[in-house]
Each structure stands twice: as structure tokens, then as C-alpha cells.
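Trainee: structure for this input, please:
(one chain, ligands or ions: 2)
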Amino acid sequence: MTRIRDLVITPVAFRDPPLLNSTGLHEPLALRCVLQLHVDDGVIGLGECPGDRGHLDRLAAVREHVIGQSVHALNRIEEAVEQALAGVADPVARRATFSAIEVACLDAQARLAGVPVAELLGGAVRPAVPYAAYLFYKWAAHPGADGDEWGPSTTPGELVEQAQRMIARYGFRSVKLKGGVFAPEREIDAIMALREALPGVPLRLDPNGAWTVETAQRVAGELAGTLEYLEDPVLGVKEMAAVAAAAPMPLASNMCTTSLETIPPAVELGAVQVVLSDHHYWGGLRRTQHLATVCATFGLGLSMHSNSHLGISLAAMTHVAAAIPTLTYACDTHYPWNAGEDVVVPGALRFVDGAVPVPEGPGLGVELDHDALARLHEAYVRSGRQVRDDTGYLRRLQPDFDPSLPRW
Ligand code: GKR
Ligand code: MG
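Mentor: Numbers count the residues shown, from 1 in each chain. Ligands and ions are numbered 1, 2, ... in the order given. Got it, this is the predicted structure:
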């Protein structure tokens, strides 16, 4: 039996541009947490998850229950995590804790076996995983800081320029716009400009629940023929169903369908046609495969959601997406916004024609850059930050910003 000997939990912070969304503005630093799971024979499995205080506290609470377990005993480890977090009411929060540990266990298992993680998941069905360019309305700079290389994007022309630069640099073949920032008419103009500039490229728009049902039905009608899917136009399963009944395109979601428990009502009401998976929240890489089976059973499409993340997560997303035959939409990733900062040694992860080739080395195929980890941990400590707070940040800069949704 190969036992888990230690679990080292390291919060980190990395530079993030001033990206806008329906709840506010990205802060100058994004928070993540890096896991190093030490097992027998000196093997270390890597994991990554959001770096908010709640995640860190839950990981700290389960740590002693994970140490001593067999690294192959994922069912027992999950049970131990569930028991240790019995006082945490939110099942998604409990599962997020297990997700990070599961990835680190799978990385260690695959390193011990000398195979890529995708092989443990049944084998890659594609050599590379396509990702979408993830466009954001953004400011030129964080207040008081130098501008970033992307410049401002608040007009359709600037968004087209952002898309063209991303495509030129990474080769993306699908494009997603984070909406819910400006009035819908302005975002329709942006989608129309992207449609004209990028003929044939699948487009998506995600206003994160910023619209009323009536607005969403009208906008969906006006965007007929332009989007491969419209993501979370409204909040609530009944509201999504009302929009879906009228919309000419499929509706996708990472806000209405957030766990297996949320699938039956969404199917019954016809609220969601494409589920955005996210192994960080759905219970890990194997649960993401289970989700794929459920989606196929009910005729739902499957895509992948992202938050600001580093290379360990990108590697895990790539391995699991490669091992799911029905994950045929290009996945979301924030990775190009990271200004080159990462905790993994450069080289293993790269974009070729908009897709990340599945790393070939054993495990996730990425190695920790210990100097970079120390640097980004130091940035975390210096920041004094505990949570992601897009709303609080924008309100400090624009006190009249009202985060209530729906807004239009
Ligand atoms: O990073 O601003 C952002 C996104 O809006 C993120 O928070 C969302 O979770 O990308 C995500 C989404 O698809 O809803
Ligand atoms: Mg979304």
C-alpha cells in the first residue's frame, strides 16, 4: 500500500488584469492554493484550487484525516473528507475540498504507475484539448498601476482587437465574451462586431445572470444565428427554462447546474442544454466523467467552465477533457490573462492552434517551480487578502456601483 505521508497547502497570489463582470472587477491579484501530497517513495502529487479563506480552512480541517490513507483509496478519502466536514452545510464546498485532494492523489497514482493522468481516466480520446478565447470587457489598468499589454476593451472595436490578438497568439477557434457588464444593446453590438470580424468562429456570450427573463428572451431572439450557446442569461432554474423555451440557441450554465443534484430539475424543466463542468467544484476528475455520462443520458451537451487559474489546474482540465469522448465544446480558460506567472516549470503546457496538447510526462505532466511557488506565496502573504471580492473592489473605486442582479 502506498500511503499519504503529508499534505502541504500553499496559498499563492498572481497578477490579474482589471477584468469586468456582472458582479464587479477583478482585483490586482487572483488567489489560488497549491497542494503537494507527499506519498511513499518520495512521490509528490500536485493539486490546485481556489485560494479563498474558506477553501484553505476546509483543507486544513481535512488534512490529518487524509494523511495515513492509501493514495489509491479515493472512496475512503472522500468519506473521510465528508466526515471531517460534516459541519459544512454546502455540499459543493465539501466536494471542492475533495476535488483538490483527488487531483493530487491521481497525479501521485499516475506518477507511481509511470503514466499520464488521462490514462488512469481510461485514456485520451484526443491528443490535444481545444480551448476558447475568453474575452473580457476591461479597463486599461488597475488604478495607480501601469497598463497591461492588452489595453482597454470597452467598445466593440476594442473587443474585436482583443479577440484577434488572442487568436493570433494562441490560435483559438472559438470565442467567449464575458457579458453582463454593459446594457444588452451594447453587448449585442459587440457580438455582431465579433461575428463580422470572425466569420465561422463559434461565439458564446455569458452575462452571468445580469438580465431579466424578458430581456434575455428579447436578446436571445436578436442574436439568433450568431451564438453556439448563450450562457446563464438569467438566474434560477425556472427563469432559465422560460428563456430556453423562447431562445433560438441552446442555453449553457455553470450557475444553474452546479452539482448532480441540480440536473434533474434542469432536465425536467428544459432549463439547460449544455452543462459547464468544472472539476474543482463537481468532485474531481472522475466525477467530471460521471457528469459526462449523466449529460449523455439526458441528451445534454458538456462544456467546461473556468475561473482565474494556474498551470496545475490547466493540466488537470486538459487530462480530464481529453478522457471524455463527449466533451466536444472548446473549454473555457482564463490562463492567457496570467501575464506569464505560474507555479509550474515552463514548457509542459502550450497552446497549439487553440488547443493544449495533453502533457506526456507521468501524472499531470507538470513539475512545480519551487522558486516561483515561494515568490507567489510571498505575494499572497504581502497582499493580506483572504477572499476574492470583485464587488468590493469595484465599489471602492465606484461607490455607486450596485451589484444587484438582474440589472437589465
Ligand atoms: O472571472 O470574471 C470572471 C468570471 O465571470 C468567472 O468568475 C465566472 O465564474 O468565468 C466564469 C463563468 O463562466 O461564469
Ligand atoms: Mg459562466
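
Trainee: test my guess that Cys105 contacts Asn75.
Mentor: No: using Cβ atoms under 8 Å, Cys105 makes no contact with Asn75, being 11.2 Å away. To be clear about C-beta, it is placed using only N, CA and C from the backbone, and glycine gets the same treatment.

Trainee: let's verify Ala315: helix, strand, or coil?
Mentor: Secondary structure assignment for Ala315 (DSSP: H, G, I helix; E, B strand; the rest coil): helix.

Trainee: how close does the closest residue to it other than its chain neighbours get to ligand 2?
Mentor: Residue nearest to Ala315 in three dimensions, not counting chain neighbours: Leu364, with 4.1 Å by Cβ to Cβ, 6 or more residues apart in numbering. Distance, Leu364 to ligand 2, using Cβ to the ion, to the nearest Å: 25 Å.

Trainee: what of Phe182?
Mentor: For Phe182 relative to ligand 2 (Cβ to the ion), the value is 17 Å.

Trainee: how close does that residue get to Thr155?
Mentor: 10 Å (Cβ to Cβ, to the nearest Å).

Trainee: cool, and Val181?
Mentor: Val181 sits 12 Å away from Thr155, going by Cβ to Cβ.

Trainee: same question for Trp211.
Mentor: According to Cβ to Cβ, Trp211 and Thr155 sit 21 Å apart.

Trainee: the more surrounded of those two?
Mentor: Trp211 (29 against 15; other Cβ atoms under 10 Å).

Trainee: what strand or helix carries the more buried one?
Mentor: Trp211 belongs to no helix or strand when elements are defined using DSSP states H and E.

Trainee: got the contact list for it?
Mentor: For Trp211, the contact set (Cβ atoms under 8 Å, 6 or more residues apart in numbering) comprises Gly180, Pro184, Val219, Pro233, Val234, Pro406, Arg407, Trp408.

Trainee: helix/strand/coil for the fourth one?
Mentor: For Pro233, the assignment made with three-state DSSP gives coil.

Trainee: can you tell me the closest non-neighbouring residue to it?
Mentor: Ala216 (3.7 Å).

Trainee: would you mind listing the buried residues in the host helix or strand of the one you found?
Mentor: Ala216 belongs to helix 213-222 when elements are defined using DSSP H and E. For helix 213-222, a neighbour-count test (16 or more other Cβ atoms under 10 Å) marks Val213, Thr215, Ala216, Gln217, Val219, Ala220 as buried.

Trainee: and it, what does it pack onto?
Mentor: When contacts are defined as 3 or more Cβ pairs under 8 Å, 6 or more residues apart in numbering; DSSP states H and E, helix 213-222 packs onto helix 184-197, helix 237-246.

Trainee: quick one, which of those helices gets closest to ligand 2.
Mentor: Closest to ligand 2 of the helices and strands packed on helix 213-222 is helix 237-246 (Cβ to the ion; 12.3 Å).

Trainee: buried residues of the closest one, list them for me.
Mentor: Val237, Glu239, Met240, Ala241, Ala242, Val243, Ala244.

Trainee: now the angle between helix 213-222 and it, please.
Mentor: In terms of direction (axes from the mean of the first three to the mean of the last three Cα atoms, to 10 degrees), helix 237-246 departs from helix 213-222 by 30 degrees.

Trainee: does the very next helix or strand once past helix 237-246 come close to ligand 2?
Mentor: Using DSSP H and E, the next helix or strand after helix 237-246 towards the C-terminus is strand 251-253. No: Strand 251-253 lies out of reach of ligand 2 by Cβ under 5 Å from the ion, never closer than 7.2 Å.

Trainee: other SSEs contacting the following helix or strand past strand 251-253?
Mentor: On the C-terminal side of strand 251-253, the nearest following helix or strand under DSSP H and E is helix 263-269. Packing partners of helix 263-269 (3+ Cβ pairs under 8 Å, 6+ apart): helix 237-246.

Trainee: same for the helix it packs on, what does it pack against?
Mentor: helix 213-222, strand 251-253, helix 263-269.

Trainee: just want the residue of the stretch 1-150 of the chain that's nearest ligand 1.
Mentor: At 3.7 Å from ligand 1, Asn21 is the closest residue in the stretch 1-150 of the chain, using Cβ to the nearest ligand atom.

Trainee: I'd guessed that residue sits against Asn208; true?
Mentor: Yes: between Asn21 and Asn208 there is a contact under Cβ under 8 Å: 5.9 Å.

Trainee: now for these two: what residues contact both?
Mentor: Lys178, Gly180.

Trainee: now Ala271: which helix or strand?
Mentor: Going by DSSP H and E, Ala271 is not in any helix or strand.

Trainee: how near is it to ligand 1?
Mentor: According to Cβ to the nearest ligand atom, to the nearest Å, Ala271 stands 16 Å off from ligand 1.
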